[in-house]
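Visitor: Just a sequence and a predicted model for now, questions to come.
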There are 2 protein chains.
Amino acid sequence: MSDLLERLRERGWRLTSQRRVVAEVLDGDHVHLTADEVHARAAERLPEISRATVYNTLGELVTLGEVVEVATDGRAKRYDPNAHRPHQHLVCTGCGTIRDVHPAGDPLADLPSEQRFGFTVSGAEITYRGLCPECAR
Amino acid sequence: MSDLLERLRERGWRLTSQRRVVAEVLDGDHVHLTADEVHARAAERLPEISRATVYNTLGELVTLGEVVEVATDGRAKRYDPNAHRPHQHLVCTGCGTIRDVHPAGDPLADLPSEQRFGFTVSGAEITYRGLCPECAR
DNA sequence: ATCCTACGATGGACGCAATCCAAGTCAAGA
DNA sequence: TCTTGACTTGGATTGCGTCCATCGTAGGAT
């Protein structure tokens, strides 16, 4: 996602220092951060960045398809910068950490039309749950 | 789930009028209600029931495995009384309503061991997303 | 290089879902 | 019927996110 800023500029994005910093945070470690964690890391470089701007920017990145929102439970949403390739998530029920996984098969193909109840089905997410090696001990 | 109250009493549940009403609401239509909707329906029969009690009771039913919590993005959790037969969910991105679906295939079988990263994987949920006939118009 | 202005940033108020808490109530066993 | 500890209550609080009026600025126009 190193050319992310380039792609965004081509789409008419105004490149502000705040947006640059948020994009850099997501471009860093490939982890799944909450909006608040993104804000905290962004604030290390740009101390007065506001939470509203982080939310706005994350929302725009999601709309543009550059980042995927992951709602694991009733807690804060997490933001997954690995949007370029489809993948599913494996969540530790102990500590909440998330790993990207690539299962075989296509869940959409497994839902026959008589099970769609007239919906226009646009996607499917699989969430695997279990204990990570750390928490299993 | 008609013998739910019986099962709960056997497990040492104190049977209060509030708990009875909440259980009856869930036992009615097999829809996926939010906590607030459960509260509203319960209050038709027991006007002064408090939200806190509804939340407490729903939480207990989830812990006892009688009801499943369904977290859709950003919205209020919904409570699924159909906990005894395995199924997946189809969520309308417009209005948030949920339908139970039974896709073919076993998602757990589609996750090879080299994709499990040492986790003890205990389950998988599939959430299909799309627009319901109402919202598609 | 400087000016303009529309788009973006700010931060405090607000809203919703859910939880917490201290005080009052009551189901059910003795 | 009495007693007791589990349950209920509702107002306060927390967590997460959005809204909005105002200020600032990126980047095209001159």
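Guide: Structure's in. What do you need? Residues are numbered from 1 along each chain as shown, chains lettered A, B, ... in the order given.
Visitor: and the longest helix along chain A, what other elements does it pack with?
Guide: For chain A, the helix with the greatest residue count under DSSP state H is helix A:51-63. If you count contacts as 3 or more C-beta pairs under 8 Å, 6 or more residues apart in numbering or on different chains; DSSP states H and E, helix A:51-63 packs onto helix A:17-27, helix A:35-45, strand A:78-80. C-betas here are computed from N, CA, C, even on glycine.
Visitor: what's the burial count for the closest residue to residue A:11 other than its chain neighbours?
Guide: Sequence neighbours aside, residue A:64 is the residue nearest to residue A:11 in space, at 6.9 Å (criterion: C-beta to C-beta, 6 or more residues apart in numbering or on different chains). Per other C-beta atoms under 10 Å in any protein chain shown, the neighbour tally for residue A:64 reads 14.
Visitor: quick one: low-confidence parts of chain A?
Guide: Counting by pLDDT under 70, chain A contains low-confidence ranges at A:1-2, A:29, A:95.
Visitor: could you measure the residue positioned nearest the centre of chain A against chain B, distance?
Guide: Geometric centre of chain A, nearest residue: residue A:80, 2.3 Å, by C-alpha atoms, centre = their mean. Distance of residue A:80 to chain B, given as C-beta to the nearest C-beta, to the nearest Å: 13 Å.
Visitor: Repeat that for residue A:98.
Guide: Residue A:98 is 11 Å from chain B, by C-beta to the nearest C-beta.
Visitor: Tell me which residues touch the closest residue to that residue other than its chain neighbours, please.
Guide: Excluding the flanking residues, the one nearest residue A:98 by C-beta to C-beta, 6+ apart is residue A:32, at 4.6 Å. For residue A:32, the contact set (C-beta atoms under 8 Å, 6 or more residues apart in numbering or on different chains) comprises A:70, A:78, A:79, A:80, A:98.
Visitor: among those, which ones are buried?
Guide: Burial by neighbour count, 16 or more other C-beta atoms under 10 Å in any protein chain shown: within the contacts of residue A:32 this picks out A:70, A:78, A:79, A:80, A:98.
Visitor: how about the residues of chain A near DNA strand D?
Guide: Within chain A, the residues that sit near DNA strand D (C-beta under 7 Å from any atom of the strand) are A:9, A:14-17, A:34-36, A:51-52, A:55, A:59, A:75-77.
Visitor: Name the nearest of the residues you listed relative to residue B:123.
Guide: residue A:75 (18.5 Å; C-beta to C-beta).
Visitor: Could you report the separation of the closest residue to the closest one other than its chain neighbours from chain B?
Guide: Counting by C-beta to C-beta, 6+ apart, residue A:75 lies nearest to residue A:96, which is 7.5 Å off, once chain neighbours are set aside. Applying C-beta to the nearest C-beta, the value for residue A:96 to chain B is 13 Å.
Visitor: for chain A, which strand is longest?
Guide: strand A:120-131 (DSSP state E).
Visitor: Do it and chain B come into contact?
Guide: Yes - counting by C-beta under 8 Å from any C-beta of the partner chain, chain B has neighbours in strand A:120-131: A:120, A:121, A:122, A:123, A:124, A:125, A:126, A:127, A:128, A:129, A:130, A:131.
Visitor: Understood, closing this out.
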